[in-house]
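Chemist: 3D, please:
(chains A and B)
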Amino acid sequence: MFYKTSGQFKTSYKSDQALFPVKQDAWLLIAILALAYVVFPLTANEFTFKALLVPVLIYSLAAMGLNILTGFAGQLSLGTAGFMGVGAYACYKITTIFPEMNIVVALALSGFFSAAVGVAFGLPSLRIKGFYLAIATLASQFFLVWLFEKWAWLYNYNASGAIEVRTMDFFGLTVTGPTATPLTQYYFVLGIVTVVTIAMINITRGRYGRMWKAVRDMDIAAELVGINLMRAKLTAFAVSSYVVGIAGAMLVFFWKGAAEPNLFDIPMSFQILFIAIIGGLGSILGNFLGAILIVALPVLLNVLPDLVGIQVHSAAMEHVNVMIVGALIVFFLIVEPHGLARLWGLIREKLIIWPFPH
Amino acid sequence: MKSLTKFATLIAASTMLVGVGAATVQAADSLYTPNLTYRTGPFAATGIPIMNGQRDYINMLNARDGGVGGVMIDFDECETSYNTNKGVECYEKTKGDAIVTQPWSTGITLQVLPRTNVDRIPILAPGYGFSPMSDGNTFAWAFNPPVSYWDGASMILNGISEGNLDNLKGKKVALLHLDHPFGKEPIPVIKALAEKHGFEFLPIPVGLKEMQNQSAQWLQIRRERPDFVVMWGWGAMNAGALTEAAKTRYPMDQFVGVWWSGHDADLEALGAKGKGYRSLSWNVPGNYPVMEDIKTHVVDAGNSMIENADEMDSTFYQRGVVMSMYLAEAIKEAQAKFGTAKINAEQMRWGLENLDISEEKLASLGMAGMTTPFSTSCSNHTGHGGAWMLRWDGEQFVQDGDMLSPDRDLIMPMEAEKAAEYAKNNAPWPGRGDLACD
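Modeler: Next comes the predicted model:
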């Protein structure tokens, strides 16, 4: 009924290959974008921006970067947080060396640094696969965090050893630092995430996306049909690390405001891998669904007792929270091992044929 | 599938609810003083006793005196697990009505510090945070009484050199520190003193991942044979270091820790093997009248989170009590100055800036000798009191010698320099701004 596809005729190849072959998908997306661009900014308070919306967007972006590599190109990586760190430190250095530079330019440039580092650590992928590659990327994770700690030039010889974000303007609007309003930061992050998401949807649907998928599904067969494996794998590493680097820079600049080296340690790599896996590997939508589950749900669970008026000690709530989120991860993986995006796909299919399942 | 859709609607509904307004509801007639605790996570073992002490002292004031100045204190806890992401969440959640915030970890303090200038909420970070915070003209909203880490480094060196740093000439002092902003804090001071007094300084970092396995570091210590090992550790690192020291038979009386490296439980595990280990501390554990009051009004009344009354004797629990005392005294100062019991965050800031913890005041609070006397001012947000060495006698920590004082002449210019550097890095930094100094 809601998803009735009858009557939607496709008369050309172009319309058959459109991004939304079913009209309702487009309407749903418009509704979600309206929610993100209009409803949330009108209703949300500072806490919602800072603790829910902005982190969900940034983590979705990081997971999207990882998903390019792991979900689309099939190269397992455990070094995501390290590449995020490269983006963050690069952006910090760029903005301190060239204080006049526009923050968007600095963000875009810092992505190139993480892309370069990503390609360098992606080189082993030409020789090794699967778990062996995962270990190689794990090495990059350890090395990069070590580097952030030891190379004092990276944090400008700061006594605290951390990077701190100064106040920066974007065409007269304060976007970073303590005086930036959460609403401005939210719109800024949302804008960048929207642009990158559109770019990623197009890349993954295009020539490179198909190359990556071929390599993921069977690399020998891909090589036989004429795909250059080196090029496919290294471009996957480059694009993935670029997106991850931007996400890392945004994490520090538009959310936290300061970061210590160990922020970019393994726990964050795993968190992002969880988002990508639970959201659904090889899907763009899945990253957002996964981030909502992994990042936003614990925050929501924490404020829930207050909203319904139950007094629970904060530490007890934290324990309950860990248990609930853990149980939900197991539950979702049992219900749908291919992630939340696949779950949505199934729901959508059922809606299309509903109420006549045959 | 049905249950799933229901669940999805539930999530959607709660998102909307939070979107509309997640302001935490506070009772109208109380002062809201949130504490960003870590009773869970990797540092919980050392966090819990301190946070119990903090909570119980305020509960005692509420039960015995009906709060401070006739207003109840709403001492709320928000759990961070020492995680900086949760720190942001907790700060944003609690800042609405807060008159003060206690961010705990150094990482969270760094994140919160610039925002408190804008939100106009004072930070109270007793014995932690970074040392240049003492410069009140730069960090108008941050307070770290009674001593800073730089003061601590200077006092430990004064302690091991028996009052004359020239005694260390030609000796070797190792600093076993957590490789983390907190652990790196004392390095500039020890380095400066090493150059001035001609002793050798050897920093030995312990990575966050190696806290429990320090065999490499202790191998280095065995090889280098330093005359003293100073420890700047927290959480599992302390227990790891003490066990390794006992195993490698490093003389315990040459091994000294900062105040966070003096957790009773770590040493109880070693017992007599840890005899002689010293830890700097700005509180001395003992039987003080205030502890009796806490026992009667809170612990016996069943309002405490401690499991048995013995925990009240620990150094860390009593340090928590002292921390909350600073908080309550600052509230009193502000109430007296502004003539209102229900003070706001800006008035609380004034109270913290004019905190005067004298010997007489400590005695009247039933805490004579429990902590160091000090007073804060506009330019001095730390107070720079003093600290004692506590020596582990095999069963408990006992006071060892007189109170030590830091070498302020050396540290003061360093604080000013680093504070200026911070302001420059975070430009435009508001500094004191429109806040009057009176």
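
Chemist: use CA for all of it now, contacts and neighbours both
Modeler: Will do.

Chemist: Flag every buried residue along the lengthiest helix in chain A.
Modeler: For chain A, the longest helix by residue count, based on DSSP state H, is helix A:182-205. Across helix A:182-205, burial judged by 16 or more other CA atoms under 10 Å in any protein chain shown covers A:182-190, A:192-193, A:196-197, A:200, A:204.

Chemist: how about the helices in the stretch 251-358 of chain A?
Modeler: Listed in chain order, the helices of the stretch 251-358 of chain A (DSSP state H, counting those that start in this stretch) span A:266-279, A:285-291, A:297-308, A:314-335, A:340-353.

Chemist: Against which helices or strands is the longest helix of chain A packed?
Modeler: helix A:54-67, strand A:173-176 (3 or more CA pairs under 8 Å, 6 or more residues apart in numbering or on different chains; DSSP states H and E).

Chemist: returning to that earlier point: out of the helices of the stretch 251-358 of chain A, the one nearest residue B:87 is which?
Modeler: With CA to CA as the measure, helix A:297-308 is the member of those nearest residue B:87 (11.7 Å).

Chemist: Secondary structure class of residue B:205, three-state.
Modeler: strand (DSSP: H, G, I helix; E, B strand; the rest coil).

Chemist: was I right about it contacting residue B:179?
Modeler: Yes: using CA atoms under 8 Å, residue B:205 makes contact with residue B:179 at a distance of 5.1 Å.

Chemist: Can you tell me the element the residue of the stretch 101-250 of chain A found nearest chain B falls in?
Modeler: Here the stretch 101-250 of chain A gets closest to chain B at one residue, residue A:166, 4.4 Å apart by CA to the nearest CA. Under DSSP states H and E, no helix or strand contains residue A:166.

Chemist: show me what contacts it?
Modeler: The neighbourhood of residue A:166, defined by CA atoms under 8 Å, 6 or more residues apart in numbering or on different chains, consists of A:176, A:177, B:425, B:426, B:427, B:428.

Chemist: Now neighbour count too, for the residues you listed, in CSV please.
Modeler: Shown next, in CSV, are the contacts of residue A:166 (neighbours: other CA atoms under 10 Å in any protein chain shown):
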residue, neighbour count
A:176, 25
A:177, 25
B:425, 18
B:426, 17
B:427, 14
B:428, 13
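
Chemist: for chain B, what are the nearby residues on chain A?
Modeler: A:40, A:43-48, A:50-51, A:159-162, A:164-167, A:177-179, A:256-260, A:263, A:299-300, A:303-304, A:306-307, A:313-315, A:318-319 (CA under 8 Å from any CA of the partner chain).

Chemist: For chain A, see how far away the closest residue to residue B:57 other than its chain neighbours is.
Modeler: In space, and not counting its chain neighbours, residue B:57 is closest to residue B:321: 5.4 Å by CA to CA, 6 or more residues apart in numbering or on different chains. Distance from residue B:321 to chain A, counting by CA to the nearest CA, to the nearest Å: 20 Å.

Chemist: got it, and residue B:251?
Modeler: Distance from residue B:251 to chain A, by CA to the nearest CA: 31 Å.

Chemist: who are the neighbours in contact with that residue?
Modeler: By CA under 8 Å, 6+ apart, the contact set of residue B:251 is residue B:245.

Chemist: If I look at it, what pLDDT would I see?
Modeler: Note for residue B:251: predicted pLDDT of 92.

Chemist: which residues are in contact with the helix or strand residue A:92 falls within?
Modeler: Residue A:92 belongs to helix A:80-97 when assigned by DSSP H and E. Here helix A:80-97 makes contact (CA under 8 Å, 6+ apart) with A:62, A:66, A:101, A:103, A:106-107, A:109-111, A:113-114, A:117-118, A:140-142, A:144-145, A:154-155, A:163, A:165, A:241, A:244-253, A:261, A:264-266, A:268-269, A:272.

Chemist: and that helix, how far out from the chain's middle?
Modeler: 16 Å (CA atoms, centre = their mean, to the nearest Å).

Chemist: Put the alpha carbons of that helix into CSV.
Modeler: The C-alpha trace of helix A:80-97 is given here as CSV (Å, rounded to 0.1, in the frame of the first residue of the first chain):
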residue,chain,number,x,y,z
THR,A,80,40.5,3.3,11.1
ALA,A,81,41.1,5.3,14.3
GLY,A,82,44.7,5.8,13.3
PHE,A,83,43.7,7.2,9.9
MET,A,84,41.2,9.4,11.7
GLY,A,85,44.0,10.7,13.8
VAL,A,86,46.1,11.5,10.8
GLY,A,87,43.2,13.6,9.5
ALA,A,88,42.8,15.3,12.8
TYR,A,89,46.5,16.1,13.3
ALA,A,90,46.9,17.1,9.7
CYS,A,91,44.0,19.6,10.0
TYR,A,92,45.4,20.9,13.3
LYS,A,93,48.9,21.5,11.7
ILE,A,94,47.4,23.0,8.6
THR,A,95,45.2,25.4,10.6
THR,A,96,48.1,26.4,12.8
ILE,A,97,50.6,26.9,10.0
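
Chemist: quick one: average confidence on that helix?
Modeler: Helix A:80-97 carries an average pLDDT of 94.

Chemist: do the same with stretch B:94-107
Modeler: 88.

Chemist: any idea how far it is from the chain center?
Modeler: 13 Å.

Chemist: cool, stretch A:298-310 as well?
Modeler: The answer for stretch A:298-310 is 26 Å, by CA atoms, centre = their mean.

Chemist: in that stretch, what's buried?
Modeler: Result for stretch A:298-310 [16+ other CA under 10 Å]: buried residues A:298, A:299, A:300, A:301, A:302, A:303, A:304, A:307.

Chemist: likewise stretch B:340-356?
Modeler: B:341-356.

Chemist: same thing with stretch B:189-203?
Modeler: By neighbour count on 16+ other CA under 10 Å, the buried set for stretch B:189-203 is B:189, B:190, B:193, B:194, B:198, B:199, B:200, B:201, B:202, B:203.

Chemist: and if you look at stretch B:379-397?
Modeler: Buried, per 16+ other CA under 10 Å, within stretch B:379-397: B:379-394, B:396-397.

Chemist: Kindly report the same for stretch B:155-168.
Modeler: Going by neighbour count (16+ other CA under 10 Å), the buried part of stretch B:155-168 is B:155, B:156, B:157, B:158, B:159, B:160, B:165, B:166, B:168.

Chemist: distance between the ends of it?
Modeler: Its start and end residues considered, stretch B:155-168 measures 14 Å (CA to CA, to the nearest Å).

Chemist: Repeat that for stretch B:155-171.
Modeler: Note: stretch B:155-171 ends 17 Å apart using CA to CA.

Chemist: can you give me how far that stretch is from the chain middle?
Modeler: Using CA atoms, centre = their mean, the offset of stretch B:155-171 from its chain centre is 25 Å.

Chemist: tally of neighbours for residue A:266?
Modeler: If you count neighbours by other CA atoms under 10 Å in any protein chain shown, residue A:266 ends up with 19.

Chemist: ok, now how distant is it from residue A:77?
Modeler: 11 Å.

Chemist: first vs last residue of stretch B:333-349, how far apart are they?
Modeler: The first residue of stretch B:333-349 is 10 Å away from its last residue (CA to CA).
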